[in-house]
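Student: okay, here's the prediction I keep looking at, along with the sequence it came from:
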Amino acid sequence: MAEKVKPYKHSEASKKEQVTEMFDTISKEYDGLNRVISFGIDVKWREKVVKIVGEKQPNKVLDIATGTGDLAINLAATNANEIIGLDISSGMLEVGKKKIATRKLDSIISMVIGDSENLPFENDTFDAITVAFGIRNFENLEQGLSEILRVLKPNGIFVILETSVPTNPIYRFGYNVYSKFILPTIGKLFSKDKIAYSYLSESASVFPYGEALNNILRKIGFINVEDKPQTMGVATIYTASKA
């Protein structure tokens, strides 16, 4: 179920520790390189997530694995009164705090360092919870999802945006060539961490997607689980709620 790929295979540290180190290292270059390797399409995917969340008119929103805060900042368009961006990487959060300050969103968005598998919030706290391109980095996927279910309010919405593998053979071939060869090469050329983008590619290729992830969400206790493939299936938006 949960993938076994680790960012630094020579290290004896846990996946959680390795992921933290990796994102701390690439935090300052992450936004720019992300736009390049996704051809900017990730911006459109996030806009769709914001629209889905906005339809629920949430008051309090949690963005897990917020990174540099792209989605948290976008979620301000939902008119939520409070948005919390949580991440395990202090380096990524520092970049995010500067972006939030520049946009004068400090009164709405707060950035919190924390572990997705041990969320520092009470039960039934949030109207909406999002995770964009971070759920595959959970060390224990089911534990993380259980924590999300715990802090989500009844009838609240949970939205995941994550990479996936196209089902069409032609698109899948192109995706595999890009993710296995081109993406890591770009990462090596422009990133000071030569392993990070290989890890991101490998972890995406083995992470459960589509109905496989739907079934895990249902197993945890989520209801109304749906998946919406994006851009020929290279990414998927998942929605679920709590009874």
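Tutor: All right, it came through fine. Computed from a prediction, not measured in an experiment: that's the story for all the values here.

Student: which strands or helices does the longest strand seen in the chain pack on?
Tutor: Looking only at the chain and at elements set by DSSP state E, the strand with the highest residue count is strand 152-163. Secondary-structure packing of strand 152-163 (3 or more Cβ pairs under 8 Å, 6 or more residues apart in numbering; DSSP states H and E): helix 41-54, strand 126-132, strand 235-241. (Each C-beta comes from the backbone N, C-alpha and C, glycine too.)

Student: the helix or strand following the longest one: partners in the sheet, and parallel or antiparallel?
Tutor: Right, the one you point to is helix 41-54. Moving toward the C-terminus from helix 41-54, the next helix or strand (DSSP states H and E) is strand 60-64. With DSSP bridges as the criterion, the sheet partners recorded for strand 60-64 are strand 82-87 (parallel), strand 126-132 (parallel).

Student: contacts for the first one?
Tutor: Same thing as strand 82-87. Defining contact as Cβ atoms under 8 Å, 6 or more residues apart in numbering, one finds that strand 82-87 is touched by 23, 59-67, 69, 71-72, 75-76, 93, 96, 108-114, 116, 119, 134.

Student: does the spatially most distant residue from the centre of the chain lie in a helix or a strand, and which?
Tutor: What lies farthest from the middle of the chain is I170; by Cα atoms, centre = their mean that is 26.5 Å. Here I170, judged by DSSP H and E, is contained in helix 169-177.

Student: tell me how far E226 lies from E47.
Tutor: Counting by Cβ to Cβ, to the nearest Å, the separation of E226 from E47 is 18 Å.

Student: how about the residue lying closest to F222 once chain neighbours are set aside, what does it touch?
Tutor: The spatially closest residue to F222, leaving aside those adjacent along the chain, is A240, at 3.8 Å (Cβ to Cβ, 6 or more residues apart in numbering). Applying Cβ under 8 Å, 6+ apart, one finds that A240 lies in contact with I157, F158, L217, F222, I223, N224, V225, E226.

Student: partners of the longest strand of the chain in the sheet?
Tutor: Note on strand 152-163: by DSSP bridges, its sheet partners are strand 126-132 (parallel), strand 235-241 (antiparallel).

Student: most packed of these?
Tutor: strand 126-132 (a mean of 26; mean count of other Cβ atoms under 10 Å).

Student: what angle sits between it and helix 41-54?
Tutor: For strand 126-132 against helix 41-54, the angle between stretch directions is 170 degrees (axes from the mean of the first three to the mean of the last three Cα atoms, to 10 degrees).

Student: pull the residues that contact strand 126-132.
Tutor: Taking Cβ under 8 Å, 6+ apart as the criterion, the residues outside strand 126-132 that touch it are 45-46, 49, 53, 56, 58-65, 67, 70-71, 75, 78, 80, 116, 148, 151-153, 156-162.
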